[in-house]
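In: Prediction below, plus the sequence it came from.
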Amino acid sequence: MTRPNFLRRWGPWIILAAVLALTVPFLDLRATLATFNNLSVVAIALTFGLYLLNRLSMSHKWNVLLRARDCWLSQWAAFRIYLASGFVAYVIPLSVGSDVFRAARLSLAGRSTSQVSATIVLERVLGLLAVLTVSCVGLVFVVLGGWRELGPLLGLVAVALFMGTALTVLSMSTRLYHVLRRTLSRFAGHRIVKMLDALHVEYVSLGTRSRPLIVFFLLSMLNQVIQASMFVPVLVSLGVAVDPIALFALLPLSKVVVQLVPVPAGIGIAEGTQVAALSLAHVPAAQGLAVALVLRAIDVTMLLPGGVAYAADAWQLRKA
C-alpha cells in the first residue's frame, strides 16, 4: 500500500485516536457516568425533537438555494435526502461526505452537477459566516455581561468574521476570477479547470440573487440557535445552571472545527470541541461530556431513520 493511499484510508482514524488520547487524561469518566443517573426521559425526548427540527431546518434552507437555481425539490424530498446524507456521513471518511452524497444524488436525478455543487459551496460559505455572526453577537453580550476572560476570543471571532465576509465578496468578483483564470491558462483544457469554470458561473449567478441569499443566511443563524438549544434540556436535567447566551455564543464555534477534520461524522472531534465550548460556558467537564455523549447517542439512533431514508431515496431514484 502506497503512502498516499495509507494516509487516505487510515489518516482520519489516526487523528481520532490522537484526539481521544489527548482528551481522556483531562476527563473524570467516573463522574461523567454518575451524571447519567440524573437524566430524565423528558429531556432526552425534547433533545430528540430539537434534533429532528435541526435536520428539517437544514434541509429547508438548502432547498431555498436549490430553488433559486431552478432545481426544484419538494420539502419532503429535500428532508429525505438530508436524512440519507447523515447516514452516508458515517461511511465516507470525510467531513464533506454528506455534501458529496447530495451532489451525486441530484446529478443522478438529472440536475446540473455545477448548479447543485454551487448551492452546496455557498451553503458552506454562508453557513460559516452565520456561525461567526451568531457567535460574535453572543460574545459581545457575554463579555459586556462580565465574562471578561472571553474578550480575546471575541476579538478572534470578529477578525475571522471580517475576513470571511471580505473573502466571500471577493470570491464573487468576476474580475478576480479572470485573473486566476489567466494564471491557469496553460491548464485550460483540463477537466478540473473546466469543472471550476462551470462551478464559478453557477456560483456567481447564485450570488447575484440577493433575496434567497438573505433568507438562507437568516435561516442559517436560526439553525445555529436550534443546534445550541439541543444542549439545554439535558443540561437542565443534570442540574447545571445554563446561560443561554453563552451557549449560543460558544457552541457554534465547535462546528467549525468538526468541518475541518476528516473524521467520519466528526466522531470524537465533535465531543471534544463541545466539551471545550461548554467548559468556556462554565459547565463542568463531566456534565459537558455527558451532554455530548447523549447527543452522539441520538445521532447514532438517527442512523435507523437515515438508513430508511437512504433506501427510500434509492427506490425513488430507481423508480424515476
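Out: Noted; the coordinates are in hand. Keep in mind it's a predicted model, so treat the numbers as computed, not measured.
In: Run through the neighbouring helices and strands of the host helix or strand of Thr47.
Out: Here Thr47, judged by DSSP states H and E, is contained in helix 41-68. Under the contact criterion of 3 or more Cβ pairs under 8 Å, 6 or more residues apart in numbering; DSSP states H and E, helix 41-68 touches helix 75-88, helix 113-144, helix 210-229, helix 232-237, helix 285-301. Any C-beta I mention is one placed from the backbone N, CA and C, and that applies to glycine too.
In: What lies in contact with the helix or strand Lys255 falls within?
Out: Taking DSSP H and E as the criterion, Lys255 maps to helix 244-260. If you take Cβ atoms under 8 Å, 6 or more residues apart in numbering as the criterion, helix 244-260 is touched by 95-96, 124, 128, 131, 134-135, 137-139, 141-142, 145, 147, 150, 157, 224-225, 227-229, 231-232, 266, 269-270, 273-274, 276-278, 280-282.
In: With just CA atoms, put it into PDB.
Out: This file holds the C-alpha atoms of helix 244-260, laid out as PDB (Å, rounded to 0.1, in the frame of the first residue of the first chain):
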ATOM      1  CA  PRO A 244     -28.400  30.500  27.000                       C
ATOM      2  CA  ILE A 245     -26.500  33.500  25.500                       C
ATOM      3  CA  ALA A 246     -23.100  31.900  26.400                       C
ATOM      4  CA  LEU A 247     -24.200  28.600  24.800                       C
ATOM      5  CA  PHE A 248     -25.300  30.400  21.600                       C
ATOM      6  CA  ALA A 249     -22.000  32.300  21.600                       C
ATOM      7  CA  LEU A 250     -19.700  29.300  22.100                       C
ATOM      8  CA  LEU A 251     -21.300  26.100  20.800                       C
ATOM      9  CA  PRO A 252     -21.500  27.200  17.200                       C
ATOM     10  CA  LEU A 253     -17.700  27.500  17.100                       C
ATOM     11  CA  SER A 254     -17.300  23.800  17.800                       C
ATOM     12  CA  LYS A 255     -19.000  23.100  14.400                       C
ATOM     13  CA  VAL A 256     -16.200  25.000  12.600                       C
ATOM     14  CA  VAL A 257     -13.600  22.600  14.000                       C
ATOM     15  CA  VAL A 258     -15.600  19.500  13.100                       C
ATOM     16  CA  GLN A 259     -15.900  20.600   9.500                       C
ATOM     17  CA  LEU A 260     -12.100  20.900   9.100                       C
END
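In: what angle separates the following helix or strand past it from helix 210-229?
Out: As assigned by DSSP H and E, the chain's next helix or strand after helix 244-260 is helix 269-280. On the basis of axes from the mean of the first three to the mean of the last three Cα atoms, to 10 degrees, helix 269-280 is oriented at 70 degrees to helix 210-229.
In: which residues does Ser57 contact?
Out: Contacts of Ser57 by Cβ under 8 Å, 6+ apart are 219, 222-223, 226.
In: Who wins on neighbours among the residues you listed?
Out: Asn223 (23 neighbours; other Cβ atoms under 10 Å).
In: Please name the spatially closest residue to that one (chain neighbours excluded).
Out: Ser57 (4.8 Å; Cβ to Cβ, 6 or more residues apart in numbering).
In: How about Leu293?
Out: Nearest to Leu293 is Glu271, by Cβ to Cβ, 6+ apart, at 6.8 Å.
In: wait, doesn't that neighbour sit right on Arg296?
Out: Yes - with contact defined as Cβ atoms under 8 Å, Glu271 and Arg296 form a contacting pair (6.3 Å).
In: if you count what's nearby, which of these two comes out ahead?
Out: Glu271 (23 against 17).
In: ok, the residue nearest to Leu293 - contacts?
Out: 289, 292-293, 296.
In: Can I get those residues in TSV including pLDDT and distance to Gly49?
Out: Converted to TSV, the contacts of Glu271 look like this (pLDDT from 0 to 100; distance: Cβ to Cβ, whole Å):
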residue	pLDDT	distance to Gly49
Leu289	82	23
Ala292	85	19
Leu293	83	19
Arg296	84	17
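In: Which positions within the helix holding Thr47 qualify as buried?
Out: 43-44, 46-48, 50-51, 54-66, 68 (16 or more other Cβ atoms under 10 Å).
In: what's the angle from that helix to helix 113-144?
Out: Using the same axes, to 10 degrees, one finds that helix 41-68 and helix 113-144 are set 130 degrees apart in direction.
In: Next, the angle helix 75-88 makes with helix 41-68.
Out: 110 degrees.
In: and the contacts of helix 244-260, which are buried?
Out: Here, 16+ other Cβ under 10 Å leaves 95, 128, 131, 134-135, 137-139, 142, 147, 150, 157, 224-225, 227-229, 231-232, 266, 269-270, 273-274, 276-278, 280-281 buried among these.
In: Give the residue spans of the stretch 1-150 of the chain that score low on pLDDT.
Out: Applying pLDDT under 70 to the stretch 1-150 of the chain flags residues 1-38, 92-97, 110, 114.
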